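Q: Let me see the structure of the following:
(4 chains)
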2 protein chains.
Amino acid sequence: MDLQAKNLSAELSKRNIRPSYQRIKVLEYLIKNQFHPTADQIFTGLQGEIPTLSKSTIYNTLNTFIQSGLVRVLNIEDNETRYDIITESHGHFKCETCGAIFNFKINIDSFATEELKGFKVIDKNVYFKGVCPKCLLNINQGKNNRKENVL
Amino acid sequence: MDLQAKNLSAELSKRNIRPSYQRIKVLEYLIKNQFHPTADQIFTGLQGEIPTLSKSTIYNTLNTFIQSGLVRVLNIEDNETRYDIITESHGHFKCETCGAIFNFKINIDSFATEELKGFKVIDKNVYFKGVCPKCLLNINQGKNNRKENVL
DNA sequence: GTAAATATAATAATCATTACAAGTTTAAAC
DNA sequence: GTTTAAACTTGTAATGATTATTATATTTAC
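A: Below is the predicted model:
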């Protein structure tokens, strides 16, 4: 077990999550693959390393991580739940053509929350949808990208 | 058929949606019940008036409305897709205790979109979560609200 | 009024997620 | 170091929302 794994292990212990092999691997995957993967993508990505891995474990682990605040859930689309290891405040942009999800900085405090006086705000999410520069370029050039080109 | 129904019918025709009885009723329901209902809630709410109503029709109708821009989809939670008839820009606050969803005004243009230069933004969503004033009051008084009180 | 197109309805199929039960691993106690 | 209990993982079954499919009904166009 290398140094990084130790750090991951410590990170879990710090949050009172017992650092099992599977949990460390899921955490490692989330750190290495910050494209907001689905549970299925995580499962598929780790199956090679952990042949006995079960999908239940992925869901169990993710839910454990969510409860401890280690990961956040993204519900941009209604048919795909995505998971985000970065917990500091940022917005998400989903390209409707290629499906990629980009992070972007936002100033959460700039929101006019006049109307929400008396509300206890725990969680803020900002989701944008549209077309990313790469896909815009391809469309202008008459090329077709992945997916059904819903535009 | 009353005047309002005629207006609804006209509203649909204007968008090239054939104004069938079911579609008018779904639209009417969405206008009368602006609590961001689920497909199931719409179905249950209309079953009395339309005994032969099918859930497929609800989903078909909602998807038709979404395509024409008549309603918007809310994906705040991963297990419940909600539908919103108000298409002008506003944010959503979901109370994690009682489950209610509140609208609030936001100034979309106030977002710092520096980082999104070159992106074509089509759709902007702002979701907040927390506790509404009513539930906060009840919690302070030691009362229990609906749901599992996740706090 | 008839043929073609569209909408509805009922059922089956799909797919992500959760629930459950059994086996395995880890940690603690002695 | 063995034993015991707790926690974790796994595989399968169950659930539930949404979509696909197909037959029937309705509307539109000629």
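Q: Name the next helix or strand following the least confident helix or strand in chain A by mean pLDDT along the chain.
A: In chain A, no helix or strand scores lower on mean pLDDT, DSSP states H and E than helix A:3-14, which sits at a mean of 82. Using DSSP states H and E, the helix or strand that follows helix A:3-14 in sequence is helix A:21-32.
Q: Give the rounded mean pLDDT of that next one.
A: For helix A:21-32, mean pLDDT is 97.
Q: just stretch A:43-58 next, same as before
A: In this model, stretch A:43-58 carries a mean pLDDT of 97.
Q: Mind listing what's buried along it?
A: A:43, A:46, A:53, A:57, A:58 (16 or more other CB atoms under 10 Å in any protein chain shown). The way it works is simple: take the backbone N, C-alpha and C, and place the C-beta from them, glycine included.
Q: what does chain A have sitting close to chain B?
A: For chain A, the residues in contact with chain B (CB under 8 Å from any CB of the partner chain) are A:73, A:75-78, A:81, A:91, A:93, A:96, A:102, A:104-107, A:110-116, A:118-133, A:136.
Q: Report the buried members of the residues you listed.
A: When these are checked for burial by 16+ other CB under 10 Å, the buried set is A:75-77, A:81, A:91, A:93, A:96, A:102, A:104, A:106, A:111, A:113, A:116, A:119-120, A:124-132, A:136.
Q: what's stretch A:28-36 in contact with?
A: Applying CB atoms under 8 Å, 6 or more residues apart in numbering or on different chains, the set of residues contacting stretch A:28-36 from outside is A:4-5, A:8, A:37, A:41-42, A:45-46, A:65, A:71, A:74, A:82-86, A:92, A:100-101.
Q: Any idea how far apart the tips of stretch A:33-45 sit?
A: Using CA to CA, to the nearest Å, the end-to-end distance of stretch A:33-45 comes to 10 Å.
Q: quick one: buried residues of it?
A: A:36, A:37, A:39, A:41, A:42, A:43.
Q: Now do the helices in chain A.
A: Taking DSSP state H, the helices of chain A run over residues A:3-14, A:21-32, A:39-47, A:55-67, A:133-140.
Q: for residue A:21, what are its contacts?
A: Going by CB under 8 Å, 6+ apart, residue A:21 touches residue A:50.
Q: From residue A:57, how far off is it?
A: Shown here: residue A:21 relative to residue A:57, a distance of 10 Å by CB to CB, to the nearest Å.
Q: Kindly report the same for residue A:29.
A: Here residue A:29 is placed at a distance of 12 Å from residue A:57 (CB to CB).
Q: My guess is residue A:77 contacts residue A:94. True?
A: Yes: Residue A:77 is in contact with residue A:94 according to CB atoms under 8 Å; the separation is 7.4 Å.
Q: So which bits of chain A are right by DNA strand D?
A: Counting by CB under 7 Å from any atom of the strand, the residues of chain A close to DNA strand D are A:17-18, A:20-23, A:50, A:52-57, A:60-61, A:78-79.
Q: and with 10 Å instead?
A: Contact residues, chain A versus DNA strand D (CB under 10 Å from any atom of the strand): A:12, A:16-26, A:43, A:46-47, A:50-61, A:64, A:78-79.
Q: contacting residues around the closest residue to DNA strand C within chain A?
A: Chain A approaches DNA strand C most closely through residue A:81 (3.1 Å), counting by CB to the nearest atom of the strand. Contacts for residue A:81 (CB under 8 Å, 6+ apart) come out as A:38, A:39, A:73, A:74, A:75, B:78.
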